[in-house]
Structures are given as structure tokens and as C-alpha cells.
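Asker: With the input below, show me the fold.
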Amino acid sequence: MPEKENIQKIIESLSPIERSIIPHLNSPIPEIIEKSGLDSTSVLRALQFLSNKGLIIFSKTTKSVIDLGTNGVYYKKNHLPERRLILLLEEKNHLPIQEAKKLSKLSDNEFKVSLGVLKSKALISLDNGKISLQAKKEELTKNTIEEALLELLPIEESKIKDEQLLALQNLQKRKDIIEINKKTIVSFSTTDLGKQIASTPLQTDLIESVTPKLIKSWNSQKSKRFRSYDLSSTGPKIYGGKKHFVNQGIEYGKRIWLDLGFKEMQGSLVQTSFWNFDALFTAQDHPVRDLQDTFYIKDIKGQLPKDKNLVKAVKQAHESGVKDSKGWQYSWDPEEASSVVLRTHTTCLSAQTLSSLDIKKDLPAKFFSIGKVLRNETVDWSHGFEFLQTEGIVVSESVSFRDLLGYLQEFYKKMGFEKIRFAPAYFPYTEPSVEVSVYHPEKKVWLELGGAGIFRPELTIPLLGKAIPVLAWGQGFDRILMDYYKIKDFREFYQNNLKSLREKRAFIK
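Answerer: Numbers count the residues shown, from 1 in each chain. A predicted model of the protein is given here:
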């Protein structure tokens with residue numbers, strides 16, 4: 001094809017966004033965005049189209065950029081933990097270790113790391129259970145290499161100097177101080193053909209699409225030409241809206257229980273200790289009630305149930321026991337039971353549901369829930385302070401332990417696990433109790449997913465008025481999702497990375 005005809009054909013195929021940027025191809029991309037009036041996505045798309053037509057050479061290079069993580073942002077503003085410990089010791093030297101930990105207001109992990117870092121730099125000594133500063137004042141006031149590196153961020157990884165590599169490695173070992181992200185750099189150069197077309201007047205009255213208005217006025221439009229379309233070019237991907245993959249998994253799990261004839265239990269994330277602990281026969285001095293495990297709502301007290309007989313029955317179960325039980329043999333405190341917590345398990349919903357049943361009219365009954373629970377855990381790749389649990393109860397005079405194993409086996413088979421293993425276990429409010437594991441065929445290991453059992457009489461008699469068998473289970477749900485989606489870091493559930501979310505497949509077993 002003669003060159004003139006080829007150029008004319010290319011011109012007639014140019015889309016509106018391509019026409020908008022062609023006059024500005026001598027400018028860098030930020031200026032093209034400003035001069036063309038297009039957004040950055042449209043400009044990049046137009047450049048890709050021009051590259052397909054041979055008018056420009058379009059290139060993308062990816063660089064690793066070291067940036068501040070969540071903790072890094074905080075530490076840059078408020079000092080690294082080891083610096084905070086140094087500042088404390090400058091004010092009060094030779095402190096006992098436990099007192100230094102308390103006064104520094106550092107977490108257990110931060111305090112341990114601080115001791116290790118300062119000791120490795122010979123800035124402190126540990127003798128007779130006390131921490132003492134070793135270094136001179138000029139050494140202490142000087143920024144460490146780690147602190148200096150934080151001040152430089154963000155920075156390209158390739159620009160890190162050799163003497164900063166050790167500091168970078170040290171910070172990478174610590175939780176969420178730095179993160180390394182990939183940054184795409186886009187550039188282009190105009191080809192001879194592109195320059196020739198850029199200097200050619202572009203036809204602006206080409207018809208883009210057939211519309212009702214065009215059809216009605218066709219007689220006056222006959223002389224115009226349609227813009228030709230390049231069918232070999234790839235168009236932009238369209239990402240339709242869809243449910244978050246965690247919600248898809250939850251709905252799938254709910255559907256299994258509903259198909260098995262269960263009704264859903266629902267309730268608040270905020271509960272009184274009465275429902276979260278006392279109604280489940282958890283002693284008021286049990287370690288699970290400690291601040292290290294449970295989130296308490298400060299300066300707020302909840303209301304005990306209006307049913308005084310229920311409160312009295314729970315009190316009796318704790319103090320002197322019911323049936324053949326001796327209880328916990330202590331004085332039960334209603335003030336402690338009124339404390340307000342974020343639920344540590346969904347079993348509190350089971351307790352509330354049992355207390356609402358009429359054993360003459362409502363039995364047999366089956367209930368389930370899949371919901372979030374919250375515990376005071378340190379967040380890392382395998383732990384979170386919030387996670388999902390699937391809860392279930394079956395209430396009937398005629399159910400047995402064998403029925404419990406059958407329900408769990410059916411659930412996990414429908415979730416995609418063929419091999420299910422049960423092992424005897426101990427749990428505070430069930431007897432007998434069982435631990436459930438499923439076999440992972442790829443990893444060739446058994447994954448522990450949770451506990452189950454039959455509620456103890458100390459729980460069922462106060463709530464139901466009678467020792468009726470209640471099959472119960474509380475199983476971790478996040479591990480199933482992690483396995484299905486090949487997620488190795490628990491935190492990925494809630495990072496809301498759009499690229500990752502778009503690539504997640506539907507939850508279909």
C-alpha cells in the first residue's frame with residue numbers, strides 16, 4: 001500500500017483519545033495529561049493504542065520501592081521502640097527490667113526487640129535483672145542506621161547503599177515497619193511514522209458510532225466518513241462488580257447449614273461477660289477473661305438478663321454446682337458478669353438461643369452461625385485480632401455423640417475435604433469433647449479446625465431448666481478460606497488490594 005494511503009488509513013482509525021494526545025507527543029506524560037484534559041488511565045490507554053499502530057515505542061519498567069509500613073509510619077513520627085527505651089533510661093537509669101517495660105509502655109514484642117537491638121549495639125547492659133545504659137551521651141543522641149533509613153523512605157531499592165543493607169534487613173525482620181512495593185515507570189518515544197502523522201492535519205468530523213440521531217439525519221450526514229476500527233487491538237478489561245471473596249465463602253458455608261435444616265443465629269459483636277463467659281460455665285478467675293486475651297469496653301457496664309431465675313441458676317452452677325456437679329466453689333460476682341466485652345467466640349449466641357427456647361414447644365431444634373469474633377492477639381501472618389467462626393447447636397432428647405460427628409463430617413465434605421479425623425479433647429463447657437482435623441492432600445498434613453462436644457449440665461440446666469443433650473461446635477472458618485484461595489498471610493483477607501480481589505475466583509466447591 002502506498003505510504004500516503006497507509007497514513008490516511010491510520011488517521012481514519014484514530015480514536016478520540018488518540019487524537020487528543022497526538023499534538024502533545026513531544027511532552028512528558030504528566031504534561032500530556034494536563035494539556036489533553038484526559039485522566040491518566042485514558043492517556044495510558046491511548047499511548048498503548050498508538051504503540052499498537054506503530055506510532056510510538058511504549059515501554060514499562062518496574063522498580064522496587066521501599067516504603068513505610070503501618071508501624072513504620074507510627075515509628076517515624078514517635079521513634080522506634082529502642083529509641084523510646086533509650087529516652088526512658090536517660091531519665092531513669094539502672095531500672096529493673098519489669099519496671100522499664102511498664103514505664104516504656106511498649107508491647108511485649110517491642111520491648112524484647114528493643115533489648116535485643118540495644119544489646120547488639122552495646123548501648124545497654126543487663127545485670128542482676130536491671131537495664132543500664134553503657135554508651136556515652138554523644139553515641140545515644142546520634143541516629144542509628146535504622147532511624148536514618150526510616151527518614152529516607154520512600155526510596156528505590158536500587159539506591160540503597162551497602163552500609164544500609166544490614167539496617168534494611170533488620171527492619172524487614174520486624175512487623176510492618178517497612179514494605180517493598182513494585183512501582184511501574186511508563187515511558188515512550190515517537191517513531192518516524194508517528195512524527196509524520198503528528199505533523200499531518202487530522203480529520204475531526206469522522207462518525208464514531210451509529211445512533212438514533214444519526215439515522216434520523218442521515219441524508220445530511222452521507223458525505224461524512226465512519227472512523228475505522230482496529231479489531232486487532234486489545235480493549236481495556238472490564239471488571240464487573242462482585243462480592244468480596246470472604247463474603248462468597250461465608251454465603252457458601254451458610255448455604256450448607258441451611259440445606260441441612262439449621263436456622264441461623266445472629267447477635268451483636270458486643271456482649272456482656274454474662275453471656276460470653278458466665279452462661280458458658282467459665283469461671284470468673286479463668287485466664288481467658290484476662291486483658292491479654294479479651295477486649296473489654298472501658299467504663300461501661302451491661303445489664304444482666306431480666307430473667308432473675310436464669311441469673312440465679314447460673315450463679316448456683318458457678319458457686320455450688322447443679323445435678324452431680326460441685327461448681328467452682330467461689331462467690332460469683334454479678335458486677336464481673338456485667339462487664340462488656342467484644343465477643344471472643346460465637347458460642348455466646350448459642351447460650352442466648354438456648355435460653356430463649358421453650359423445651360415443650362421448640363424441640364428438637366438446630367441452629368448455626370458464621371460470624372466474626374475478636375481476641376487480643378498480636379497480628380502476624382497466621383493470627384489476627386478478628387477472625388471467623390462457624391458455630392452450631394443441635395438440641396434434642398434423642399441426639400447422641402455419633403450424630404455430632406455425622407453433622408461435622410457432612411459439613412466438611414461439602415466444604416471439599418474428603419478425609420476428616422476426630423480426636424478426644426478437652427474444652428471447658430463440653431463433655432465429652434472432640435477435636436476436628438481435615439487432611440490436606442497437597443501439603444499431606446492434617447489441619448486442626450476446631451472443637452466440638454456435648455454441652456455440660458452446668459450450662460444446659462441453667463439455660464434450659466433441664467439437662468437436655470445439646471450437640472455443640474465452634475470451628476475456625478478462615479483456615480478453610482485460606483486453603484481454598486491459597487492465601488499464606490492472614491492479613492491478606494482485609495488488605496483490599498484491588499488487583500488481588502479481581503483475580504480471586506468464585507468460591508465453588
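
Asker: gap between Pro469 and Lys213?
Answerer: In this structure, Pro469 and Lys213 are separated by 74 Å, where distance is defined by CB to CB, to the nearest Å. Where C-beta positions appear, they are placed from N, C-alpha and C, glycine not excepted.

Asker: Point out where the stretch 151-300 of the chain drops to low pLDDT.
Answerer: Counting by pLDDT under 70, the stretch 151-300 of the chain has low-confidence residues at 203-205, 221-223, 230, 232-236.

Asker: And the helices in it?
Answerer: Remark: helices assigned in the stretch 151-300 of the chain by DSSP state H, counting those that start in this stretch are 162-172, 192-198, 212-216, 218-221, 245-259, 273-276.

Asker: Just the CA atoms of the longest one, as PDB, please.
Answerer: Extracted in PDB, the C-alpha atoms of helix 245-259 (Å, rounded to 0.1, in the frame of the first residue of the first chain):
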ATOM      1  CA  PHE A 245     -14.300 -13.400  48.300                       C
ATOM      2  CA  VAL A 246     -14.700 -13.700  52.100                       C
ATOM      3  CA  ASN A 247     -18.400 -13.000  51.800                       C
ATOM      4  CA  GLN A 248     -18.700 -15.500  49.000                       C
ATOM      5  CA  GLY A 249     -17.200 -18.200  51.300                       C
ATOM      6  CA  ILE A 250     -19.400 -17.200  54.200                       C
ATOM      7  CA  GLU A 251     -22.500 -17.500  52.000                       C
ATOM      8  CA  TYR A 252     -21.400 -20.900  50.700                       C
ATOM      9  CA  GLY A 253     -20.900 -22.100  54.300                       C
ATOM     10  CA  LYS A 254     -24.300 -20.700  55.400                       C
ATOM     11  CA  ARG A 255     -26.000 -22.500  52.500                       C
ATOM     12  CA  ILE A 256     -24.600 -25.800  53.700                       C
ATOM     13  CA  TRP A 257     -26.100 -25.400  57.200                       C
ATOM     14  CA  LEU A 258     -29.400 -24.200  55.800                       C
ATOM     15  CA  ASP A 259     -29.600 -27.200  53.400                       C
END
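
Asker: who's in contact with Leu202?
Answerer: Residues counted as contacts of Leu202 (CB atoms under 8 Å, 6 or more residues apart in numbering) are Ile11, Leu14, Arg19, Ile22.

Asker: what about the last one, is that helix, strand or coil?
Answerer: Right, Ile22. What DSSP: H, G, I helix; E, B strand; the rest coil gives for Ile22 is helix.

Asker: Could you report the pLDDT at it?
Answerer: In the prediction, the pLDDT value recorded for Ile22 is 90.

Asker: my guess is Ile131 meets Gln98, correct?
Answerer: No: Ile131 sits out of contact with Gln98 when judged by CB atoms under 8 Å, with a separation of 10.3 Å.

Asker: more neighbours, these two?
Answerer: With neighbours defined as other CB atoms under 10 Å, Ile131 and Gln98 compare such that Ile131 has more, 25 against 10.

Asker: Am I right that the more buried one is in a strand?
Answerer: Yes: assessed by three-state DSSP, Ile131 belongs to a strand.

Asker: what about it, distance to Lys102?
Answerer: When CB to CB is the yardstick, Ile131 and Lys102 sit 12 Å from each other.

Asker: domain parsing for the chain?
Answerer: 3-55+191-199, 68-178, 246-500 (automatic domain parsing).

Asker: Strands of the stretch 1-150 of the chain, residue ranges please.
Answerer: Secondary structure of the stretch 1-150 of the chain (DSSP state E, counting those that start in this stretch): strands at 56-68, 95-96, 124-127, 130-133.

Asker: do you know which of those lies nearest Phe411?
Answerer: Using CB to CB as the criterion, the shortest distance between Phe411 and these is 42.5 Å, found for strand 56-68.

Asker: What are the contacting residues of the closest one?
Answerer: Strand 56-68 is contacted from outside by 25, 47-48, 50-51, 76, 150, 153-158, 160, 168, 177-191, 194, using CB under 8 Å, 6+ apart.

Asker: Could you list which of these belong to strands?
Answerer: In this view, those that belong to strands under DSSP state E are 155-156, 178-190.

Asker: If any of the residues you listed are buried, put those into a ChimeraX selection.
Answerer: Under the burial definition 16 or more other CB atoms under 10 Å, those of those that qualify are selected in ChimeraX by:
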select :178,188,190
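
Asker: Count the neighbours of Asn247 for me.
Answerer: 11.

Asker: ok, the residue sitting furthest away from the middle of the chain - contacts?
Answerer: In terms of distance from the mean C-alpha position of the chain, Asn219 ranks first, at 60.4 Å (CA atoms, centre = their mean). Contact criterion CB under 8 Å, 6+ apart gives no residues in contact with Asn219.

Asker: try Lys105
Answerer: With contacts defined as CB under 8 Å, 6+ apart, the neighbours of Lys105 are Arg84.

Asker: Over to Val113?
Answerer: Residues counted as contacts of Val113 (CB under 8 Å, 6+ apart) are Pro81, Glu82, Arg174.

Asker: cool, Tyr229 as well?
Answerer: Ser13.

Asker: just to revisit the earlier point, settle it for me: which of Pro469 and Lys213 has more neighbours?
Answerer: Between Pro469 and Lys213, counted using other CB under 10 Å, Pro469 has the larger neighbour count: 17 against 9.

Asker: Could you find the closest non-adjacent residue to that one?
Answerer: If you skip the residues right next to it in sequence, Pro469 has Val399 as its closest partner in space, 5.2 Å away by CB to CB, 6 or more residues apart in numbering.

Asker: Tell me the secondary structure at that neighbour.
Answerer: Using three-state DSSP, the structure places Val399 in coil.

Asker: List phi and psi for it.
Answerer: Summarising the backbone geometry of Val399 under the convention degrees, to the nearest 10, its torsions are phi -80, psi 160.

Asker: Quick check: it touching Ile468?
Answerer: No: under the criterion of CB under 8 Å, Val399 is not in contact with Ile468, lying 9.3 Å apart.

Asker: buried set for stretch 375-384?
Answerer: Burial within stretch 375-384, assessed by neighbour count using 16+ other CB under 10 Å, is assigned to Arg375, Gly384.

Asker: end to end, how far does it reach?
Answerer: With CA to CA, to the nearest Å as the measure, stretch 375-384 spans 8 Å from end to end.

Asker: Repeat that for stretch 170-185.
Answerer: Criterion CA to CA; first-to-last residue distance in stretch 170-185 is 28 Å.

Asker: Off-centre distance for it?
Answerer: A distance of 18 Å separates the C-alpha centroid of stretch 170-185 from that of its chain, computed with CA atoms, centre = their mean, to the nearest Å.

Asker: Residues contacting that stretch, please?
Answerer: The set of residues external to stretch 170-185 that reach it, using CB under 8 Å, 6+ apart, is 60-72, 75, 109, 113, 117, 146, 149-150, 153, 157, 168, 379-380.

Asker: returning to what we had before: okay, the contacts of Val113 in CSV with neighbour count next?
Answerer: CSV is the format used below for the contacts of Val113 (neighbours: other CB atoms under 10 Å):
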residue, neighbour count
Pro81, 24
Glu82, 26
Arg174, 19
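
Asker: Can you add distance to Ile238 and give the domains of the chain back as TSV?
Answerer: Formatted as TSV, the entries for the domains of the chain read as follows, by distance: least, CB to CB, whole Å:
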stretch	distance to Ile238
domain 3-55+191-199	13
domain 68-178	32
domain 246-500	14
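
Asker: Of all those, which one is nearest Arg227?
Answerer: Distances from Arg227 to each of the domains of the chain were compared by CB to CB, and the smallest falls on domain 3-55+191-199, at 6.1 Å.

Asker: Confirm Phe411 sits in a helix?
Answerer: Yes: for Phe411, which was evaluated using three-state DSSP, the result is membership in a helix.

Asker: Quick check: it touching Lys254?
Answerer: No: with contact taken as CB under 8 Å, Phe411 and Lys254 are classed as non-touching, separated by 11.3 Å.
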